[in-house]
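>>> Okay, structure incoming, though there's no sequence with it:
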Ligand SMILES: Nc1ncnc2c1ncn2[C@@H]1O[C@H](COP(=O)(O)OP(=O)(O)OP(=O)(O)O)[C@@H](O)[C@H]1O
């Protein structure tokens, strides 16, 4: 049985002429312990896909199954790391993480909770900032809190919606490694949504392209057989990596061009003449 399964899933927003058909006929199977990355263009429906799997929204058609059961709402079994670091502004770092730990481990004593919070905050090198409020942190630090908050709940599935896209290269690289460490150590299942092909290849077992919408569908998938742990610098000299990277980027460029050409439309302007009265524009005449 597939761990996560999407069967003929479609999703639209709005009604009438405002209706946007975002995803159409999505079929996806993720096995337990797998790390899958979905790459796609901005606005192609990546967040919509993650929201469907997390249970934040429901499909119009088709089914989303988790361990064979329909997803009916969010659950801490499926932890989401969002693109924007949605922290509670009135709670400090420790308490933002602490609240998540309390929710996931209801039977923990206060001491157990504190130990877990400290362990996870340390993991992203934020121990000196544990008492700080989100407004006192940089964007990168907030995103690290957001990542550690999701991971501290020990979710069975880690769903990531471009969690690292706003970070500088160094912080991004460190967090990629932290996420991989936890995924590998605790044998999690992970789905990463990204617009960065390199990030996908570094982290995932499989990359699937999301074709741009409206009515976005999943495109081809690429198996990544590169040995783990993967080192970013070493990969740059790896022929298999280079070949895979080129293949995926070429595919994305090709579907991007197709989308651009489909969008090119000719508009005919109405043949009208200005109706202004001459007296308002002395010295200017209209033919
Ligand atoms: N709640 C909503 N109501 C109306 N339209 C929506 C809603 N959510 C998403 N959309 C539309 O669906 C399309 C896909 O949005 P989505 O956020 O899933 O794309 P994305 O690939 O994650 O984009 P980005 O890379 O910019 O984050 C967009 O055209 C967006 O305007």
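Sure, I can see it. Everything numeric in this text was worked out from a predicted model, so none of it was measured.

>>> in this structure, which spans are helices?
46-54, 93-104, 110-123, 139-152, 169-185, 197-203, 232-235, 239-263 (DSSP state H).

>>> Would you map out the domains in this protein?
The record's domain parsing of the chain by automatic domain parsing lists 4-77+155-281, 89-153.

>>> sorry, back to before: figure out which of the helices of the chain is closest to residue 220.
helix 239-263 (6.7 Å; Cβ to Cβ). Backbone N, C-alpha and C define where each C-beta goes, glycine included.

>>> Check which helices and strands that closest one is in contact with.
Secondary-structure packing of helix 239-263 (3 or more Cβ pairs under 8 Å, 6 or more residues apart in numbering; DSSP states H and E): helix 197-203, strand 206-210, strand 218-223.

>>> Throw these into CSV and include mean pLDDT, thanks.
CSV is the format used below for these (pLDDT from 0 to 100):
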stretch, mean pLDDT
helix 197-203, 95
strand 206-210, 95
strand 218-223, 95
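
>>> Please convert these to a markdown table, extending it with distance to residue 93 and mean neighbour count.
Output for the helices and strands packed on helix 239-263, formatted as a markdown table (distance: least, Cβ to Cβ, whole Å; neighbours: other Cβ atoms under 10 Å):
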| stretch | distance to residue 93 | mean neighbour count |
| --- | --- | --- |
| helix 197-203 | 25 | 22 |
| strand 206-210 | 33 | 21 |
| strand 218-223 | 37 | 15 |
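
>>> can you put the ones you listed in a markdown table and add distance to residue 242?
Supplementary listing: the helices and strands packed on helix 239-263 in a markdown table, determined by distance: least, Cβ to Cβ, whole Å:
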| stretch | distance to residue 242 |
| --- | --- |
| helix 197-203 | 10 |
| strand 206-210 | 15 |
| strand 218-223 | 13 |
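
>>> Identify whichever of these lies nearest to the ligand.
strand 206-210 (7.4 Å; Cβ to the nearest ligand atom).
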